[in-house]
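Visitor: Turn this into a model:
(one chain, ligands or ions: 3)
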Amino acid sequence: MKVLKFGGTSVGSVDSIKTVINILEENLAKGERFAVVFSAMGGVTNRLIEIGKMAASGNPDYIEFLKGVEERHFAIVRGLIPVKSQSSTFAAVRGLFNELEDILRGVSWIKELSERTLDLIMSFGERLSTMVITEILKSKGIAAEFCDARQIIHTNATYGMGDVNFEITNKQILEYFAKNAALQCVTGFIASTAEGVTTTLGRGGSDFTASILGAALDAEAIEIWTDVDGMMTADPRKVTNAFTIPSISYAEAMELSHFGAKVIYPPSLQPAFAKNITLKVLNTFNTDFEGTYVQKAANGKEYAITGISSIDEIALVNIQGSGMIGVAGISGRLFTALSNNAISVILISQASSEHSICFSIDPKNAQKASEVLEKEFATEISLGHIDSISIEKNLSIIAIVGEGMKKSTGVSGKLFSVLGKNGINVVATAQGSSELNISVVIAKSDLSKALNAIHGVFFQSETRSLNLFIVGVGLIGSTLIEQVRNQTQYLRTEKFLNLNIAGLSNTKKMLLDIDGIKPENWRDRVMDEGVKTNLPAFVQRMIELNLPNSVFVDCTSDKDIVQYYQILLDASISVVTPNKVANSGSYSEYVSLQRTALQRGVKFLYETNVGAGLPIINTIQGLMASGDKFLKIEAILSGTLSYIFNNFSSENRFVDVVKEAKAKGFTEPDPRDDLSGADVGRKILILAREVGVPLEPEEIKISQILPGNCLNAPTVDAFFKELEISNNYFAENQANAEANGEKLRYIATLENGKASIELKTVDSSHPFYNLSGSDNIISFTTERYKDRPLVIKGPGAGAEVTASGVFADIMSISSYLG
Ligand SMILES: NC(=O)C1=CN([C@@H]2O[C@H](COP(=O)(O)OP(=O)(O)OC[C@H]3O[C@@H](n4cnc5c(N)ncnc54)[C@H](OP(=O)(O)O)[C@@H]3O)[C@@H](O)[C@H]2O)C=CC1
Ligand SMILES: N[C@@H](CC=O)C(=O)O
Ligand code: NA
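Guide: Ligands and ions are numbered 1, 2, ... in the order given. A predicted model of the protein is given here:
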């Protein structure tokens with residue numbers, strides 16, 4: 001024996017009822033014995049309540065509304081019963097509506113709608129839907145019978161939520177089913193008192209009916225047919241990656257439902273749980289879906305938690321004072337006072353210091369709670385033993401739920417860590433010793449971000465998203481987007497990572513789209529949908545969106561953009577950049593960015609500031625963290641100059657080689673930044689700071705290789721013209737070096753706290769002699785690498801290697817966020 005229950009949406013239209021009939025026919029074909037419970041057609045119960053209230057308030061429009069409800073039922077009869085058999089069902093529907101009209105007329109006369117009368121009015125919803133569907137089944141030759149649950153389920157006279165008398169009810173159900181072998185179509189939600197007065201079963205009513213029947217009949221299973229794919233890991237309207245839970249325990253279902261998982265209302269299923277009956281939550285509109293199984297013990301757990309739920313709006317009450325420490329009875333009085341005033345408490349937390357107790361309640365009870373407590377503790381407050389009672393609003397609760405967290409370590413660590421990394425402040429927290437639920441109270445404005453971040457971190461094998469906001473889509477930015485495009489599939493399938501480009505900007509246009517800008521068509525979209533660039537607005541919007549796992553990627557060389565780093569890091573948004581400006585400004589600014597990132601638990605990454613994708617900054621940071629001391633750094637840090645001095649010869653003109661370097665993407669947007677030594681200056685300055693030498697930009701000694709006319713040219717084009725003129729100047733230097741079998745190298749040195757950059761000639765015995773292409777070479781002499789320095793060498797400029805360095809920084813944030 002099974003019990004099936006179909007909810008309001010399942011019986012809400014001709015098409016959905018057709019599907020329901022198919023499901024029933026399939027069950028019959030299998031020869032299964034079962035009973036079926038129906039809710040009222042979707043929306044009908046609420047409509048009946050509204051109609052009742054209208055009648056009671058003397059609003060005659062209720063008659064029209066009632067006609068509408070009647071018409072919905074007629075439409076089902078017309079749509080699903082053959083014409084020749086329709087008349088008796090029409091008559092039966094009409095009969096019920098006549099009865100209902102009489103009741104409503106009475107309500108409108110006496111202008112009063114008691115709970116008892118309302119129960120009677122509501123009962124028509126289930127009576128109508130169940131009667132009509134029974135007739136449809138009969139018209140198809142199925143031996144179905146209408147069963148008015150009021151005959152078998154008895155409650156006390158608490159209207160709106162009758163208390164079931166299980167002793168009588170169970171007996172009546174057994175007797176009834178022993179006598180009636182046909183398929184029983186049972187009205188959900190309704191019952192009656194022993195005297196035959198109609199009552200209803202309260203929240204989750206039709207599920208309760210199914211559960212009562214299932215338990216009484218010792219059903220092997222109860223199937224709850226809804227309009228969604230079972231119970232989900234989180235509310236899919238709030239968490240984009242929420243997915244169906246295949247198996248869940250009764251206890252977990254209870255915990256999740258308390259926090260608003262609306263698919264089923266487990267407390268109403270208690271009778272079935274008590275008898276260990278398996279519950280299946282199925283989808284009428286997706287019969288291929290296998291369902292969520294709710295059982296005493298859930299089957300094999302893949303994740304540490306089973307689901308996440310939340311209450312959007314709560315108020316947190318805090319009561320504290322030195323007079324509470326070690327005094328017995330305070331919490332007893334506190335909660336008794338609340339209970340006497342029907343204020344339900346959602347979460348309680350008290351630290352072992354006993355100095356304060358905080359608890360959360362529905363905000364609509366906040367004022368009352370404050371008054372009640374001020375009265376209860378008036379004496380303690382007047383004596384200063386208890387400080388005044390504070391109430392904080394605009395808060396939400398998130399609860400992670402799962403039997404898997406029992407006695408398993410790291411679950412709460414993971415929860416608090418992901419909240420911290422996303423800059424979400426935890427206002428209060430509670431975990432019961434059942435270890436089934438950890439609840440946190442956070443700002444309401446962080447709710448969506450927190451839910452998505454927590455979901456991402458606990459359901460790892462489901463794809464997580466990193467939200468990228470890229471400013472600067474020139475050479476490096478566009479190459480990065482191309483690399484993201486090429487890696488999308490790999491990252492999804494191998495790393496379960498979705499890199500979501502949520503914002504793009506150049507100097508002209510910007511576009512933000514939380515659903516993502518595809519790397520395949522970003523240019524067209526920015527062009528077509530982008531608005532005029534407004535960087536403050538871009539940053540402001542990023543902060544307002546408050547998306548989890550947000551990363552700001554600055555691929556410009558703009559000096560002014562740096563002012564936003566601090567704001568972004570403060571808003572717990574990580575920053576990744578190849579732009580050297582921020583780290584080569586004042587030392588105090590450099591320190592401040594580092595500190596803010598550390599304090600906020602976010603990342604500020606800039607590996608490509610020196611040597612493009614070569615692992616230079618990471619190597620230094622690793623050595624510093626492990627206690628090594630830097631004695632000397634000697635390096636060629638300009639890919640551009642390397643390329644130039646490797647290719648410039650008596651056969652190649654200097655200006656042409658510079659143009660080649662620019663075309664190959666090695667130079668800064670303005671190549672004079674390279675040739676003037678400014679770029680190398682910034683890099684050695686950054687290296688100095690990384691190894692703990694707090695230099696300011698003006699302390700770097702740069703020997704100039706560019707003649708003044710080139711340096712001062714007003715534009716890049718004008719600069720190239722001046723370079724043509726000065727060709728001989730470079731040719732001479734080069735010829736002299738060549739004649740001596742030497743090479744020109746622009747070498748940066750940091751030693752004894754001093755940094756300098758000089759154009760030097762090196763012979764073949766020097767380690768920097770053999771360089772090719774755009775190679776950088778960095779030699780670190782440290783306490784540990786004293787006799788033989790640590791050397792890093794390789795291409796230190798160019799679009800691909802730089803973009804991939806930026807990409808690697810982004811990936812390291814994704815690992816950090818877990
Ligand atoms: N090339 C290399 O090998 C390396 C480069 N880098 C660094 O990478 C960064 C980018 O270099 P690269 O790609 O060559 O430069 P590009 O000049 O090719 O691109 C810069 C981009 O930034 C945009 N931009 C500039 N200012 C703003 C602003 N205020 N708001 C919005 N967008 C802006 C530009 O917009 P628009 O197109 O409208 O002008 C352009 O899209 C530089 O900081 C450079 O130092 C670091 C290591 C190696
Ligand atoms: N223009 C720079 C690019 C890397 O920072 C260089 O040439 O090294
Ligand atoms: Na690097």
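Visitor: Show me what from the stretch 551-700 of the chain comes close to ligand 3.
Guide: Contact residues, the stretch 551-700 of the chain versus ligand 3 (C-beta under 5 Å from the ion): 607, 611, 614, 616. In short, each C-beta sits where N, CA and C put it, glycine included.
Visitor: need the contact list for the residue of the stretch 301-450 of the chain found nearest ligand 2.
Guide: Ligand 2 sits closest to K421 of the stretch 301-450 of the chain, with a gap of 29.2 Å, by C-beta to the nearest ligand atom. By C-beta atoms under 8 Å, 6 or more residues apart in numbering, the contact list for K421 reads 453, 572, 601-602, 816-818.
Visitor: interface residues of the stretch 651-800 of the chain facing ligand 2?
Guide: 666-668, 674, 679, 796-797 (C-beta under 6 Å from any ligand atom).
Visitor: Of those - the most surrounded one?
Guide: G796 (32 neighbours; other C-beta atoms under 10 Å).
Visitor: Spatially, what comes nearest to that residue if we skip its sequence neighbours?
Guide: Residue nearest to G796 in three dimensions, not counting chain neighbours: N776, with 2.8 Å by C-beta to C-beta, 6 or more residues apart in numbering.
Visitor: For the closest residue to A143 other than its chain neighbours, the count of nearby residues, please.
Guide: Excluding the flanking residues, the one nearest A143 by C-beta to C-beta, 6+ apart is A182, at 4.3 Å. By other C-beta under 10 Å, the residues close to A182 number 13.
Visitor: surely A182 meets K138?
Guide: No - counting by C-beta atoms under 8 Å, A182 stays clear of K138, with 9.6 Å between them.
Visitor: Quick check: neighbours shared by those two?
Guide: With C-beta under 8 Å, 6+ apart as the test, A182 and K138 both reach A144.
Visitor: Let me see the ranges of the helices in the stretch 201-350 of the chain.
Guide: Ranges of helices in the stretch 201-350 of the chain, per DSSP state H, counting those that start in this stretch, are 205-216, 250-258, 270-274, 330-340.
Visitor: most packed of those helices?
Guide: helix 205-216 (a mean of 28; mean count of other C-beta atoms under 10 Å).
Visitor: Just the residues contacting that one, thanks.
Guide: With C-beta under 8 Å, 6+ apart, helix 205-216 has contacts from 3-5, 7, 35, 37-39, 126, 149, 153, 164, 166, 169-170, 173-174, 186-190, 201-202, 219, 221-222, 224, 264-265, 268-272, 274-275, 277.
Visitor: Spell out whether stretch 571-591 and ligand 2 are in contact.
Guide: No - using C-beta under 6 Å from any ligand atom, stretch 571-591 stays clear of ligand 2, coming no nearer than 7.0 Å.
Visitor: Quote the end-to-end distance of that stretch.
Guide: End-to-end distance for stretch 571-591, by C-alpha to C-alpha, to the nearest Å: 18 Å.
Visitor: now do stretch 328-348
Guide: 17 Å.
Visitor: Give me the contacts around it.
Guide: So stretch 328-348 is contacted by 311, 314, 319, 324, 350, 357-362, 365, 368-369, 372-373, 375-377, 397, 428, 430, 439, 441 (C-beta under 8 Å, 6+ apart).
Visitor: Pick out the residue closest to the middle of this protein.
Guide: Nearest to the mean C-alpha position of the chain, by C-alpha atoms, centre = their mean, lies N452 at 1.2 Å.
Visitor: My reading is that that residue lies in a helix. Confirm?
Guide: Yes - with DSSP: H, G, I helix; E, B strand; the rest coil as the criterion, N452 is located in a helix.
Visitor: Just say helix, strand or coil for the residue nearest to it when sequence neighbours are not counted.
Guide: Nearest residue to N452 in three dimensions, chain neighbours excluded: P548, at 4.8 Å (C-beta to C-beta, 6+ apart). Here P548 is coil, with the state taken from three-state DSSP.
Visitor: burial of P548, as a residue count?
Guide: P548 has 27 nearby residues by other C-beta under 10 Å.
Visitor: now G323
Guide: G323 has 18 neighbouring residues, counting by other C-beta under 10 Å.
Visitor: Repeat that for A718.
Guide: A718, neighbours per other C-beta under 10 Å, totals 13.
Visitor: Per-residue pLDDT of it, please?
Guide: The score at A718 is 95. That number is its pLDDT.
Visitor: Could you do S703 as well?
Guide: On pLDDT, S703 comes in at 93.
Visitor: same deal with the one 4 residues further on?
Guide: If you check P707, the pLDDT there is 89.
Visitor: And the closest residue to it other than its chain neighbours, its phi and psi?
Guide: For P707, the nearest residue in space outside its immediate sequence neighbours is S726; the separation is 5.0 Å by C-beta to C-beta, 6+ apart. Here is the backbone geometry of S726 (degrees, to the nearest 10): phi -90, psi 10.
Visitor: For the stretch 401-550 of the chain, just list every one of the helices.
Guide: Under DSSP H, counting those that start in this stretch, the stretch 401-550 of the chain gives helices at 411-421, 447-458, 475-495, 522-529, 535-545.
Visitor: out of the ones you listed, which comes closest to ligand 1?
Guide: Using C-beta to the nearest ligand atom, those put helix 475-495 closest to ligand 1, at 3.5 Å.
Visitor: Dump the C-alpha coordinates for the closest one into PDB.
Guide: The C-alpha trace of helix 475-495 is given here as PDB (Å, rounded to 0.1, in the frame of the first residue of the first chain):
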ATOM      1  CA  LEU A 475      47.000  44.000 -25.200                       C
ATOM      2  CA  ILE A 476      47.200  42.300 -21.800                       C
ATOM      3  CA  GLY A 477      43.500  42.500 -20.900                       C
ATOM      4  CA  SER A 478      42.300  41.100 -24.200                       C
ATOM      5  CA  THR A 479      44.900  38.300 -24.200                       C
ATOM      6  CA  LEU A 480      43.700  37.400 -20.700                       C
ATOM      7  CA  ILE A 481      40.100  37.200 -21.900                       C
ATOM      8  CA  GLU A 482      41.300  35.000 -24.800                       C
ATOM      9  CA  GLN A 483      43.100  32.700 -22.400                       C
ATOM     10  CA  VAL A 484      40.000  32.500 -20.100                       C
ATOM     11  CA  ARG A 485      38.000  31.600 -23.200                       C
ATOM     12  CA  ASN A 486      40.400  28.800 -24.100                       C
ATOM     13  CA  GLN A 487      40.400  27.400 -20.600                       C
ATOM     14  CA  THR A 488      36.700  27.700 -19.800                       C
ATOM     15  CA  GLN A 489      36.000  24.000 -20.500                       C
ATOM     16  CA  TYR A 490      39.000  22.700 -18.700                       C
ATOM     17  CA  LEU A 491      38.300  24.800 -15.600                       C
ATOM     18  CA  ARG A 492      34.700  23.700 -15.500                       C
ATOM     19  CA  THR A 493      35.300  20.000 -15.900                       C
ATOM     20  CA  GLU A 494      38.600  19.600 -14.100                       C
ATOM     21  CA  LYS A 495      38.500  22.400 -11.400                       C
END
